[in-house]
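> No sequence on hand, only this structure:
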């Protein structure tokens, strides 16, 4: 989907949500805004596996935007747009 951001879930997140991915019609969001939207659209909470109480990344959380770790970019302020792929890995496991 060219007009959507694809959010892919791995390991424990995939098991918790019972789905491998979501396609969200959105553009020009920060990663944090995208995560909040994805949680809402998923219909169940999952951000507690990725973020701390202050909405910072938990140690070991890996979020990739088009294959690049957001920790090496602007963190949760990294911008995502239509056509991007965002991969979410909780600290407890990989793919």
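Cool, the structure landed. Keep in mind the model is a prediction, meaning the values are calculated, not measured.

> Report the distance from stretch 37-45 to the chain centre.
Relative to the centre of its chain, stretch 37-45 is centred 11 Å away, using Cα atoms, centre = their mean, to the nearest Å.

> What residues of it count as buried?
Neighbour counts using 16 or more other Cβ atoms under 10 Å place 37, 38, 39, 42 of stretch 37-45 among the buried residues. Where you see a C-beta, it was placed from the backbone N, CA and C, and this is true even at glycine.

> so who does the third one touch?
Same thing as residue 39. Contact partners of residue 39, counting by Cβ atoms under 8 Å, 6 or more residues apart in numbering, are 45, 46, 47.

> so where's this structure uncertain?
Per-residue confidence of the chain (counting by pLDDT under 70) places the weak regions at 1-2, 93-95.

> mind listing the strands for it?
Under the criterion DSSP state E, the chain contains strands at 4-9, 21-25, 29-30, 62-65, 68-69, 79-80, 85-89.

> mind giving me CSV with those strands and columns for distance to residue 56 and mean neighbour count?
As requested, the strands of the chain are exported to CSV (distance: least, Cβ to Cβ, whole Å; neighbours: other Cβ atoms under 10 Å):
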stretch, distance to residue 56, mean neighbour count
strand 4-9, 19, 20
strand 21-25, 22, 16
strand 29-30, 13, 18
strand 62-65, 12, 19
strand 68-69, 15, 12
strand 79-80, 18, 19
strand 85-89, 15, 21
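
> These: which one's closest to residue 55?
Closest of the strands of the chain to residue 55 is strand 29-30, at 11.1 Å (criterion: Cβ to Cβ).

> in its sheet, what does that closest one sit against?
Paired strands of strand 29-30, with direction, are strand 79-80 (antiparallel) (DSSP bridges).

> Residues contacting the partner strand, please?
Outside of strand 79-80, the residues that reach it under the criterion Cβ under 8 Å, 6+ apart are 5, 26, 28, 29, 30, 31, 34, 65, 86.

> what do you get for stretch 58-70?
If you take Cβ under 8 Å, 6+ apart as the criterion, stretch 58-70 is touched by 31, 49-52, 57, 71, 73, 76, 78, 80, 84-92.

> Residue 16: which of the contacts of residue 39 is nearest?
residue 46 (5.9 Å).
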